[in-house]
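Novice: next one to model:
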Amino acid sequence: MASTQAQIPTLQTQIQQAIHRLGVLLDESPAALEGELAEPIALPLGPAVVPAGLPSELVRRRPDVRQAERQLAEATANIGVAVADLFPKFNLTGALGLESLSLKTLASSKSVFCRSVLQLTGRSSAPARYRKTFASRTPGRKKL
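Specialist: Numbering: from 1, shown residues only. Got it, this is the predicted structure:
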């Protein structure tokens with residue numbers, strides 16, 4: 001009993017700090033919120049009637065299930081990125097223009113220049129390195 005009573009000042013301080021943080025977030029003075037939040041009230045009740053539907057639909061509404069679906073979508077996207085890294089990438093860059101030492105020959109066909117560059121990039125390491133890269137991109141991945 002004495003230990004519980006000793007915790008009361010700490011808890012009251014935490015309540016006051018929480019009210020102050022809410023006041024800052026709501027752009028109101030903390031004193032205005034104290035009257036509203038100082039007295040405990042009953043918890044709000046849930047819906048009186050649960051919406052009709054299949055149990056699988058009810059499960060899909062749960063926040064933890066939605067979070068797991070998002071994590072699965074992220075892991076699937078990371079697999080796509082890892083597979084794309086297995087293939088080489090081609091970049092073709094070019095330039096076309098006119099160059100001349102005199103203004104008279106600028107309009108001639110001899111002053112036209114063209115340059116192009118083909119760049120091939122890709123990894124030449126072993127597949128084990130790809131597995132390490134993929135594993136680092138999906139730290140929460142669980143083995144089945």
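
Novice: can we go C-alpha only for contacts and neighbour counts from here?
Specialist: Will do.

Novice: okay, how far is it across stretch 79-93, tip to tip?
Specialist: Separation of the first and last residues of stretch 79-93 by C-alpha to C-alpha, to the nearest Å is 29 Å.

Novice: now the strands for the chain?
Specialist: In the chain, the strands defined using DSSP state E lie at 89-98, 112-121.

Novice: give the partner strands of the last one in its sheet and their orientations.
Specialist: So that's strand 112-121. Sheet partners assigned to strand 112-121 using DSSP bridges are listed as strand 89-98 (antiparallel).

Novice: point to the residue nearest the middle of this structure.
Specialist: The chain has Glu74 as the residue nearest its centroid, 9.0 Å off, counting by C-alpha atoms, centre = their mean.

Novice: how about the contacts made by that one?
Specialist: Counting by C-alpha atoms under 8 Å, 6 or more residues apart in numbering, Glu74 makes contact with nothing.

Novice: if I look at it, how far off is Val81?
Specialist: Distance, Glu74 to Val81, by C-alpha to C-alpha: 11 Å.

Novice: just to revisit the earlier point, and of the strands of the chain, who's closest to Leu22?
Specialist: Closest to Leu22 of those is strand 89-98 (C-alpha to C-alpha; 51.3 Å).

Novice: quick one: contacts of the closest one?
Specialist: Counting by C-alpha under 8 Å, 6+ apart, 106, 111-122 sit against strand 89-98.

Novice: buried ones in it?
Specialist: Of all the residues in strand 89-98, not one is buried under the rule 16 or more other C-alpha atoms under 10 Å.

Novice: and for stretch 112-122?
Specialist: Across stretch 112-122, burial judged by 16+ other C-alpha under 10 Å covers no residue at all.

Novice: what average pLDDT does that stretch get?
Specialist: The predicted model assigns stretch 112-122 a mean pLDDT of 85.

Novice: for that stretch, C-alpha coordinates in PDB please.
Specialist: Extracted in PDB, the C-alpha atoms of stretch 112-122 (Å, rounded to 0.1, in the frame of the first residue of the first chain):
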ATOM      1  CA  VAL A 112      28.100  18.700 -87.700                       C
ATOM      2  CA  PHE A 113      29.300  16.400 -84.900                       C
ATOM      3  CA  CYS A 114      27.800  13.500 -83.200                       C
ATOM      4  CA  ARG A 115      29.000  11.600 -80.100                       C
ATOM      5  CA  SER A 116      27.400   8.700 -78.300                       C
ATOM      6  CA  VAL A 117      28.400   6.600 -75.300                       C
ATOM      7  CA  LEU A 118      27.000   3.300 -74.300                       C
ATOM      8  CA  GLN A 119      27.400   2.400 -70.700                       C
ATOM      9  CA  LEU A 120      26.900  -1.100 -69.300                       C
ATOM     10  CA  THR A 121      26.700  -1.500 -65.600                       C
ATOM     11  CA  GLY A 122      26.000  -4.500 -63.500                       C
END
